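Undergrad: quick one: sequence and predicted model below, then my questions.
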Amino acid sequence: MPRTSAEDVRALLREPLPAEGGRAEDLLRVVEEVVYRLSRHNAHPRFFGYVASPGSAAAAVGDLLAAGLNANVTSWRSAPAAAEMEHVVIDWLKEMIGFPRTAAGLLVSGGSMANFATLAAARSAADPEFGRDGGAGRGALRVYVSEETHFSHHKAARLLGIGSDNVTAIGTDAGFRVDVAEVERRIVADRAAGLRPMCIVGSAGTVNTGAVDDLAALADVAGRQGVWLHVDGAYGALAAMADSTRGLFEGMSRADSVSLDPHKWLYTSVGCGCVLYRDAAAARAAFSQDAEYTRVVGLSRDEAFAFWDYGPELSRPFRALPLWLHIKLYGARALADAIESNNDCARYLGELVERDEEFELLAPVCLSIFCFRFRPAGYSGDLDEFNERVLLEVQRGGSSYLSNARVRGRFALRGCVLNYRTTRADMERLLEDVREAGRRLLA
């Protein structure tokens, strides 16, 4: 993490609008000396902040080639090869997580956009007229999420006119999995009160702790109650490829929709999310919009396909090429092995923490996310405030990078292993970096 300020960076870049073109060498020097030097480097094996992967050489080349072609992948007629390549990689993603082969999907900018799209499809399925009249006089639509769910669901509900107040957060068990029985109780109570239960959101890897909800039980509830089940797997669903964690995702194949982020646990470039729909017609009902300037003339069947009928975007970059190159070059087995290794590193960190009296594990390690804190012997001060200072000290130190979380009201040093370069030795070094930071503060 560079030691700088917004004003310092701005001063290096600020200049009047250039009236004449510059020299390529000078511009690339700015990229090297300013942009690269003053960026946070997510590709480092001890970058454990947030949910950030390192990218890959294949994906970087794919980005360059896609940008050179500059295709606008709105429909088949706009970019036949790009459209078919996207269908191919969507089929691969479905296979990776065990989703039905008959399902539909498309690539989007990331998990937040995928969650937005699926909530729009769920809204359309629950009330086809909502987009025209706002559901006036028919009772509020309700969405049920875990208290650990990603904030994008609340934001999507607000933007879609459902209202964030109609997103009901349900408590979790000791493993931070949603209370399935309480989900069903709330659905029954809301329906009795004249409200309209619309969607259950299950988590396939929460951002805070990496918890995976009981997706099979949620699918049972959704079936009994006649509501849409969406699985937010933006972070964790692709861990279904790994042998040690595949069983956690039983029931995901029964969901009405799933969100994925290849730019997380497939290690591709940022800007590549995915949304999968069990029923393509449900998505089309939500997003299809006729206009003469987009009407397909002279084509039918597959050649008349348009991505804008299944998601919110019209203009779309060629996201499939970097992903296709990445999967083709490295192969599914190597990607699964890397995910397995990431999980192993996180579990190892958890074991080290539990064996060390100066550290405290704050949540079970389910996938590759870990939450802990430094608790030096004899310290009687505010551990939350102390660990906030430890976090900043570690981030500024440059050897390891952690982010933060709030776990059952306690401040946590939170990390996510999402790099195929990371080893167990990096986990040992991380704990020493934290210990040294804490001791410097105590001194």
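TA: Sure thing, it's come through.

Undergrad: on the pLDDT front, check the nearest residue to residue 159 once chain neighbours are set aside for me.
TA: Spatially, and ignoring its direct neighbours in sequence, residue 159 is nearest to residue 116 (6.9 Å; CB to CB, 6 or more residues apart in numbering). The C-beta positions use only the backbone N, C-alpha and C, and glycine is treated the same way. For residue 116, the pLDDT comes out at 98.

Undergrad: other SSEs contacting the helix or strand hosting residue 116?
TA: For residue 116, the host element (DSSP states H and E) is helix 111-126. Packing partners of helix 111-126 (3 or more CB pairs under 8 Å, 6 or more residues apart in numbering; DSSP states H and E): helix 130-133, strand 141-146, helix 152-159, strand 196-203, strand 228-232, strand 257-260, strand 273-277, helix 280-287.

Undergrad: can you give me the angle that helix makes with helix 280-287?
TA: Per axes from the mean of the first three to the mean of the last three CA atoms, to 10 degrees, the angle that helix 111-126 makes with helix 280-287 is 100 degrees.

Undergrad: next, the angle from helix 111-126 to strand 196-203.
TA: Going by the same axes, to 10 degrees, helix 111-126 makes 150 degrees with strand 196-203.

Undergrad: how far off centre is helix 111-126?
TA: How far helix 111-126 lies from its chain's middle: 15 Å, per CA atoms, centre = their mean, to the nearest Å.

Undergrad: how far off strand 273-277 does it point, in degrees?
TA: 20 degrees.

Undergrad: so what angle separates the directions of helix 111-126 and helix 152-159?
TA: Using the same axes, to 10 degrees, the direction of helix 111-126 lies 50 degrees away from that of helix 152-159.

Undergrad: kindly export helix 111-126 (C-alpha atoms) in CSV.
TA: C-alpha atoms of helix 111-126 as CSV (Å, rounded to 0.1, in the frame of the first residue of the first chain):
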residue,chain,number,x,y,z
GLY,A,111,-21.2,-9.7,-8.5
SER,A,112,-23.1,-6.6,-7.6
MET,A,113,-24.5,-6.3,-11.1
ALA,A,114,-25.2,-10.1,-11.1
ASN,A,115,-27.2,-9.7,-7.9
PHE,A,116,-29.0,-6.7,-9.3
ALA,A,117,-30.0,-8.7,-12.4
THR,A,118,-31.2,-11.7,-10.5
LEU,A,119,-33.3,-9.6,-8.1
ALA,A,120,-34.9,-7.9,-11.2
ALA,A,121,-35.7,-11.3,-12.6
ALA,A,122,-37.2,-12.5,-9.3
ARG,A,123,-39.3,-9.3,-9.1
SER,A,124,-40.6,-9.9,-12.6
ALA,A,125,-41.5,-13.5,-11.7
ALA,A,126,-43.3,-12.5,-8.6
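
Undergrad: give the contact list for the residue nearest to residue 159.
TA: 152, 155, 156, 159, 160, 312 (CB atoms under 8 Å, 6 or more residues apart in numbering).

Undergrad: winner for burial among the helices and strands packed on helix 111-126?
TA: Across those, the average number of neighbours (mean count of other CB atoms under 10 Å) peaks for strand 257-260, which reaches a mean of 31.

Undergrad: which neighbouring elements make contact with the helix or strand following that strand?
TA: Per DSSP H and E, strand 257-260 leads on to helix 262-265 as the next helix or strand towards the C-terminus. In terms of contacts (3+ CB pairs under 8 Å, 6+ apart), helix 262-265 is packed against strand 273-277.

Undergrad: ok now the strand it packs on, how far from the chain's centre?
TA: Taking CA atoms, centre = their mean, the mean C-alpha location of strand 273-277 is offset from the chain mean by 11 Å.

Undergrad: so what touches it?
TA: 90, 93-94, 99, 103-114, 117-118, 121, 234, 256-263, 283, 310-311.

Undergrad: where exactly do the strands run in this structure?
TA: 104-108, 141-146, 167-170, 196-203, 228-232, 257-260, 273-277, 359-361, 369-374, 403-407, 410-416 (DSSP state E).

Undergrad: ok, now how distant is residue 64 from residue 267?
TA: According to CB to CB, to the nearest Å, residue 64 stands 17 Å off from residue 267.

Undergrad: also residue 96?
TA: 13 Å.

Undergrad: didn't residue 388 look like it was pressed against residue 413?
TA: No: look at residue 388 against residue 413 with CB atoms under 8 Å: they stay out of range, at 9.4 Å.

Undergrad: okay, and for the stretch 251-400 of the chain, where does confidence drop off?
TA: Scanning the stretch 251-400 of the chain with the threshold set as pLDDT under 70 gives 293, 299.

Undergrad: between residue 96 and residue 267, which is the more surrounded one?
TA: residue 267 (24 against 20; other CB atoms under 10 Å).

Undergrad: that one touches residue 53, doesn't it?
TA: Yes: the pair residue 267 / residue 53 is scored as a contact, 4.6 Å apart, by CB under 8 Å.

Undergrad: which neighbours do these two share?
TA: 418, 419.

Undergrad: dump the residue contacts of residue 317.
TA: 66, 71, 72, 73, 271.

Undergrad: out of those, which are buried?
TA: Buried members of the contacts of residue 317, counted by 16 or more other CB atoms under 10 Å: 66, 71, 73.

Undergrad: not counting sequence-adjacent ones, nearest residue to the first one?
TA: In this case it means residue 66. The nearest residue in space to residue 66 (CB to CB, 6+ apart) is residue 318, at 3.9 Å.

Undergrad: same deal with residue 43?
TA: residue 54 is the one closest to residue 43 (CB to CB, 6+ apart), at 3.6 Å.

Undergrad: isn't the one you found up against residue 422?
TA: No: the pair residue 54 / residue 422 is not scored as a contact, 9.2 Å apart, by CB under 8 Å.
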